[in-house]
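**Q** Sequence and predicted model, in that order:
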Amino acid sequence: MVPYLFRLAAVCPGRQQGFRHAVVAHLVLLAAGVAWAYRYPQQGTSAIGYFLLTAGIVEGAVLLGWRLTQLPKSQALEFLFVSPLRPWRLFVVETVIGLCRITLITLSGLPVLLVLSVAGILDASDVGPFLFMPLTWAAVTGLGFIAWAYEPRAVRCWAERGFLLLILIYLGVGVLAGEHLAAWIRHLPEPLGQGVLLGFESFDRYNPFAVLRFWLEERSLAAWERVLGVEAAALIAAGLLLVRTAGRLRGHFDERHYQPAVDHRGRPRPSPGDRPLSWWAVRRVSEYSGRVNFWLAGGFGLLYAIYTVAGAHWPAWAGRRVLAVFDVAGGVPVWATALVVLSAVPAAFQYGLWDSNPHERCRRLELLLLTQLTGIDYWHAAAAAAWKRGRGYFGVALLLWLAAAVVGKISFLQAVTAIAAGTVLWGLYFTLGFQAFTRGAQANLRGLSLTLGLPALAFVFHQIGWPFLAGFLPPGAVHHAATLSPDAAWIGAVGSALVALWMARICLGRCDGELHRWYEKHHGKMVLE
């Protein structure tokens, strides 16, 4: 059974296509780091390392975490559970397969790193950390993502409360206190203050980005010891997560398929109304709502908006250093654009209606295609689910633009243009994601290209001195609206809007026919995904 699973992963057309897309996205992100090195030689090495580490974390979440969170949704596992292959062995094999794919994707950047090393841009000793650190943290991220999904609902609820408390502490200690942390600590009782100080210093010093920065600055024996120590801790954490998730596979499967759904809130359940498919899609994406990520991004955005408005009136007892880093890294235009792209992630990936594999999709379409639902019903359901997940990030971006306009950092015309360009970006990404849904294409691969590939490409164009080309891309248009004249953004925004409207018209007209054709093609057939 184990060799068969490896062979299936190697010959599966969907996985082969996903692997190729992931390699291209990895190389595009590496090219963005090289472009930054070309534009800012004094920061070039660190930028390449940061881009590779970010790419590894995203690849771990998408290629390992997302796939294995979908695994228990298939009732076909019930047959494997009564076979000699134990559930934990199945999970371990699938995890090893995912890690092998991520390893190959990481190694695809090795020739580029070697060329940069020969050219003198990188030190030869940098190649090792640039390869194994992204791989290690990809494993930690992916397994952590899976562990969160596999835990019982009660555990996740209590964990969310704990994360909220940690985020509040981090925002208060790491951002609001900043360089005045020592003065703040003096007002706390000695044991508590010392514990907070040590905890924050440990996180600030031993997170992977800080360790990578320390290595690039020192390249000494102490730097090697820190890198190896943090990597060893990450491997231990990955091992513990693997043990926990492997042991929870069978329990999570039983909870999903056989445990009765009970509403403990004590409130009346809202009626599905006239759009039951939309009601169901919103409830589906609410199972894993991503509140922790939004709390972190929203907390940073709120503090940065207040800091932007306060300006010189920012209180002396509050820190400026962390928030000043945001200004140096591009200020409101860059971070608002990043938030808009985050808000469009659910729109591009189509979490609401997408199913984990063709077998599950056939089962769902077998019922939906017997109803009187039309293309506009599917469109409305997908849009409602995507907006439910992404509206918070868009709201924080709106807050940043308004804050910058109030203090005169950008004009109100630029703010309006940025809001319009952001709306167009969301609409275009949603339309492209919905087209993938109707055709049965890999929505996750298209979403990865839209949410990582296009922003990286716009960044590359901007760094090598071609901002005009960057403005033609949707993320570039959103950024240019708040940095250049509004006319520079309208060209890309109007072009994206026209493409979105044209594709929306086609998708709505062909939706029902495309879904029927896909169902007729795949129903009752063996598909390798």
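**A** Yep, it's here.
**Q** CA atoms for contacts and neighbours, from now on please.
**A** Noted.
**Q** which SS class is residue 318?
**A** coil (DSSP: H, G, I helix; E, B strand; the rest coil).
**Q** Which per-residue confidence value corresponds to it?
**A** On pLDDT, residue 318 comes in at 77.
**Q** Can you get me a residue count around it?
**A** When neighbours are counted by other CA atoms under 10 Å, residue 318 registers 18.
**Q** how about it, phi and psi?
**A** Main-chain dihedrals, residue 318, degrees, to the nearest 10: phi -100, psi 150.
**Q** Just after the least confident helix or strand in the chain by mean pLDDT, pick out the following helix or strand.
**A** One helix or strand of the chain scores below all others by mean pLDDT, DSSP states H and E: helix 181-185, with a mean of 70. Using DSSP states H and E, the helix or strand that follows helix 181-185 in sequence is helix 190-206.
**Q** What residues of the next helix or strand along the chain from that next one count as buried?
**A** Where DSSP H and E defines the elements, the next helix or strand beyond helix 190-206 is helix 208-218. Residues 208, 209, 211, 212, 213, 214, 215, 216 are the ones in helix 208-218 that count as buried (16 or more other CA atoms under 10 Å).
**Q** Please enumerate the helices of the stretch 401-529 of the chain.
**A** Assignment of helices within the stretch 401-529 of the chain using DSSP state H, counting those that start in this stretch yields the ranges 412-439, 443-448, 454-463, 467-472, 474-481, 486-522.
**Q** ranking these by burial, who's on top?
**A** Among the helices of the stretch 401-529 of the chain, ranked by average contacts under mean count of other CA atoms under 10 Å, first place goes to helix 474-481 (a mean of 30).
**Q** which helices and strands sit right next to it?
**A** Under the contact criterion of 3 or more CA pairs under 8 Å, 6 or more residues apart in numbering; DSSP states H and E, helix 474-481 touches helix 331-349, helix 412-439, helix 454-463, helix 467-472, helix 486-522.
**Q** who's in contact with the third one?
**A** Spelled out, that is helix 454-463. 28-29, 31-32, 35-36, 38-39, 467, 469-471, 473-476 (CA atoms under 8 Å, 6 or more residues apart in numbering).
**Q** Taking helix 331-349 as reference, get the angle to it.
**A** Orientation check (axes from the mean of the first three to the mean of the last three CA atoms, to 10 degrees): helix 454-463 against helix 331-349 gives 150 degrees.
**Q** Next secondary structure element downstream of the helix or strand harbouring residue 45?
**A** Following DSSP H and E, one finds residue 45 within helix 44-59. Of the helices and strands lying after helix 44-59 in sequence (DSSP H and E), the nearest is helix 67-70.
**Q** burial count for the closest residue to residue 285 other than its chain neighbours?
**A** Sequence neighbours aside, residue 352 is the residue nearest to residue 285 in space, at 5.8 Å (criterion: CA to CA, 6 or more residues apart in numbering). If you count neighbours by other CA under 10 Å, residue 352 ends up with 26.
**Q** Give me the secondary structure label for residue 352.
**A** Quick answer, by three-state DSSP: residue 352 is coil.
**Q** And the pLDDT for it?
**A** For residue 352, the predicted pLDDT is 71.
**Q** Do I have it right that residue 374 meets residue 510?
**A** No. Using CA atoms under 8 Å, residue 374 is not in contact with residue 510; the gap is 10.0 Å.
**Q** about what we covered before: in a markdown table: the helices of the stretch 401-529 of the chain, plus distance to residue 111.
**A** Converted to a markdown table, those look like this (distance: least, CA to CA, whole Å):
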| stretch | distance to residue 111 |
| --- | --- |
| helix 412-439 | 33 |
| helix 443-448 | 23 |
| helix 454-463 | 20 |
| helix 467-472 | 27 |
| helix 474-481 | 29 |
| helix 486-522 | 34 |
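**Q** which one of those lies closest to residue 122?
**A** Of all the helices of the stretch 401-529 of the chain, helix 454-463 sits nearest to residue 122, with 19.0 Å by CA to CA.
**Q** Could I get the average pLDDT for stretch 216-235?
**A** 87.
**Q** That should have said stretch 243-251, apologies.
**A** On average, stretch 243-251 scores 90.
**Q** Domain ranges for this protein, per the record?
**A** 1-163+205-257, 275-529 (automatic domain parsing).
**Q** ok, back up a step: out of the helices and strands packed on helix 474-481, flag the one nearest residue 171.
**A** Per CA to CA, nearest to residue 171 of these: helix 331-349, 16.9 Å.
**Q** how far does that closest one sit from the chain's center?
**A** 10 Å (CA atoms, centre = their mean, to the nearest Å).
**Q** And for stretch 472-491?
**A** 23 Å.
**Q** Need the residues that contact it.
**A** 333-334, 337, 341, 410, 413-415, 417-419, 421-422, 424-425, 454-455, 458-459, 468, 470-471, 492-493, 495-496.
**Q** rewinding a little: ok, so of the buried residues of helix 208-218, who is nearest residue 303?
**A** Among the buried residues of helix 208-218, residue 209 lies closest to residue 303 (CA to CA), at 22.3 Å.
**Q** returning to what we had before: and the angle for the helix holding residue 45 with helix 208-218?
**A** Interaxial angle of helix 44-59 relative to helix 208-218 (the same axes, to 10 degrees): 160 degrees.
**Q** helices and strands around helix 44-59, which ones?
**A** Short answer (3+ CA pairs under 8 Å, 6+ apart): helix 44-59 packs on helix 13-39, helix 87-107, helix 127-150, helix 208-218.
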